[in-house]
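Novice: Coordinates for the following, if possible.
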Amino acid sequence: MLASAKFRAHEEFKHGNYYAAAHIYKEAIDLDPGNATLLSNRSLCWLRYGDARLALKDAQALRMMRPGCQKACYREGTALMLLKDYEKACGAFLDGLKLDPGNVEIEDGLREALESLKICRSSPGED
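Specialist: Residues are numbered from 1 along each chain as shown. Have a look, this model is predicted:
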């Protein structure tokens, strides 16, 4: 049953059916609640679907499950960016870089978060 759910979720994801894939990953998680990969994959589905709150919830649960997982930090930072919480996104990306220095994807996320934070904090009319 677990293998079937994982396969179906992967197929839905591959075809861009992120909402369906996320729900199938839920079935898989119910069968194997300690599986961090399933949680990570569901977080990615929610990100691609555009539901930052559910993506964030899964990313935070993943970080609790696997504190040393830089991918969890990246997913959390990405979800926070969608929620326009740039300060917390910076923190999540920094945590990820501490775990995986030189990770280009995380560095890019941090750079974007810092730029967004700077723009958000600048007053209108200032350079």
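
Novice: State the number of residues packed around the nearest residue to residue 34 once chain neighbours are set aside.
Specialist: Nearest non-adjacent residue to residue 34, counting by Cβ to Cβ, 6 or more residues apart in numbering: residue 65, 7.4 Å away. For every residue, glycine as well, the C-beta is placed using N, CA and C. The local packing of residue 65 (other Cβ atoms under 10 Å) involves 15 other residues.

Novice: Numbering from 10 from now on, please.
Specialist: Shifting the count to begin at 10 puts that one at residue 74.

Novice: For residue 74, give its distance to residue 33.
Specialist: Distance, residue 74 to residue 33, using Cβ to Cβ, to the nearest Å: 20 Å.

Novice: How far off centre is the helix or strand residue 126 falls within?
Specialist: If you go by DSSP states H and E, residue 126 is part of helix 113-130. Centroid displacement of helix 113-130 relative to its chain, using Cα atoms, centre = their mean, to the nearest Å, is 15 Å.
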